[in-house]
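Participant: With the sequence up front, the predicted model follows.
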Amino acid sequence: MDMEAIAFAETETLASACRENTSSQTLEQLTEQICVFDTQSIVTFGSGAAAEVAQASDGVLRTIRGSQLSDPAPLLESLGRVMGGFDPEELTGEKKKGFFRKKAGSTDQILEKYRKMGEEVDRAYVSMKRYEAEIQTLDQKLKALFDSTFRTYRRLVEFIQAGEQGCGEIREHLTNMESSLLRNPGDAALQMDRDSLRHALTLLERRVQDLRVNEILALQSLPAIQTMRRNNLGLIQKIDTAFLVTLPVFRQALGQALARKRQQLQNQAMEALERRTRTALQQRPDSGGQSQEELEAAWHTIMDGIVQLQALRKNANVQQSAQENRLAAALREQTGNADGIS
């Protein structure tokens, strides 16, 4: 099940809970606003809640259209180019087979290359932290928007239920009136009351249907917000695992590799102390292999993360566009029925 399907399923669960948890006292208070002999009280029933839902849905649509995060593509492309120049053979001096093997440069060039690579990794880390903070700020806004939209939706549902209850009460009164008219067919006043109730029932049924149009708006808006939040969570998780955790590991391991490389050059330059230096180094525990493995493992994680983050962002954009179109269509439909909802 994809994120959109999950969001819609969650919204259906919330909608069911709203209907089940509405108190009878609330319904009674709302039905008291309906006067069967005052058509104005019927055609405006729930208008405030309907307007709030329409306004909230319009706000969600504006958020979807205006919540474009900074495009990470330039950062990812730059990081990909930098990481693409990584070659452990240049740091270890070991000949390797496979895609890592490249034409070697001079020692000074190699040291300068990886010094600059370290600086680029540091800059990428700062940029990723900034991008993550941007996503988190947007998520906080989306959460507040979801909470406010859900409150307006819940209030609208209460009016719909109250309207349904009012329709049931009117039908019950009509049934009793029909029985009375059977006993007193010539009662003109009773006939007029019956006709008034029939008209009131027609208006209230139409009003409840109008309110359900606004309910559809909310049922489109709520999952749209949740899908955006889930997509943002996926981006944050990938940024954390592939970059914010791994980039420092890579940076540290790269620094250690450069230190070993410089030490190797110093040892070669100290010909008079070469034998003693080698003997001393042989007596020290060898941690270079482990650091080298960490360096290469971090490199793979970062490169995979670049591809995966690009795919996540692309998928989020596709889903966001689809949600925008659905919600815009629902708003157009609601506007077309505005005369019946005002």
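Facilitator: Perfect, thanks for sending it.
Participant: Mind giving me the packing neighbours of the lengthiest helix in the chain?
Facilitator: In the chain, assigned by DSSP state H, the helix with the most residues is helix 107-183. If you count contacts as 3 or more CB pairs under 8 Å, 6 or more residues apart in numbering; DSSP states H and E, helix 107-183 packs onto helix 3-21, helix 24-31, helix 47-66, helix 73-84, helix 88-92, helix 188-239, helix 246-269. (Glycine included, C-beta is placed from N, CA and C.)
Participant: For the fifth one, what is the distance to the chain centroid?
Facilitator: Centre-to-centre, helix 88-92 and its host chain are 42 Å apart (CA atoms, centre = their mean, to the nearest Å).
Participant: one step back: export the helices and strands packed on helix 107-183 to CSV and tack on mean neighbour count?
Facilitator: Shown next, in CSV, are the helices and strands packed on helix 107-183 (neighbours: other CB atoms under 10 Å):
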stretch, mean neighbour count
helix 3-21, 14
helix 24-31, 14
helix 47-66, 19
helix 73-84, 16
helix 88-92, 18
helix 188-239, 19
helix 246-269, 16
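Participant: of those helices, which approaches residue 117 most closely?
Facilitator: Across the helices and strands packed on helix 107-183, residue 117 has its closest neighbour in helix 73-84 (5.8 Å, CB to CB).
Participant: Name the residues that touch the closest one?
Facilitator: With CB atoms under 8 Å, 6 or more residues apart in numbering as the test, helix 73-84 has contacts from 117, 120-121, 124, 127-128, 131, 299, 302-303, 306, 309-310, 313.
Participant: for the closest residue in space to residue 180 that isn't next to it in sequence, what are its contacts?
Facilitator: Of all residues beyond its chain neighbours, the one nearest residue 180 is residue 190 (6.0 Å), with distances taken as CB to CB, 6 or more residues apart in numbering. Contact analysis of residue 190 by CB under 8 Å, 6+ apart lists 177, 180-181, 184.
Participant: any idea how far residue 190 is from residue 177?
Facilitator: Distance from residue 190 to residue 177, counting by CB to CB, to the nearest Å: 6 Å.
Participant: Same check on residue 142?
Facilitator: 52 Å.
Participant: likewise residue 45?
Facilitator: 22 Å.
Participant: Below-threshold pLDDT in the stretch 101-250 of the chain: ranges please.
Facilitator: Applying pLDDT under 70 to the stretch 101-250 of the chain picks out residues 101-105.
Participant: re the thing from before, quick one, the longest helix of the chain and helix 246-269 angle?
Facilitator: Angle of helix 107-183 versus helix 246-269, following axes from the mean of the first three to the mean of the last three CA atoms, to 10 degrees, is 170 degrees.
Participant: just how off-centre is helix 107-183 within its chain?
Facilitator: 8 Å.
Participant: now do stretch 222-242
Facilitator: 5 Å.
Participant: CA atoms of that stretch as CSV?
Facilitator: Only the C-alpha atoms of stretch 222-242 are listed here, as CSV (Å, rounded to 0.1, in the frame of the first residue of the first chain):
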residue,chain,number,x,y,z
LEU,A,222,-6.8,15.7,5.0
PRO,A,223,-5.1,12.8,3.1
ALA,A,224,-3.3,15.3,0.9
ILE,A,225,-1.7,16.8,4.0
GLN,A,226,-0.9,13.5,5.5
THR,A,227,0.7,12.2,2.2
MET,A,228,2.9,15.3,2.1
ARG,A,229,3.9,14.7,5.7
ARG,A,230,4.8,11.1,5.1
ASN,A,231,6.8,12.0,2.0
ASN,A,232,8.7,14.6,4.1
LEU,A,233,9.3,12.0,6.8
GLY,A,234,10.8,9.7,4.1
LEU,A,235,13.1,12.5,2.9
ILE,A,236,14.2,13.2,6.5
GLN,A,237,15.0,9.5,7.2
LYS,A,238,17.0,9.2,4.0
ILE,A,239,18.9,12.4,4.7
ASP,A,240,19.7,11.2,8.2
THR,A,241,20.9,7.7,7.3
ALA,A,242,22.6,8.5,4.0
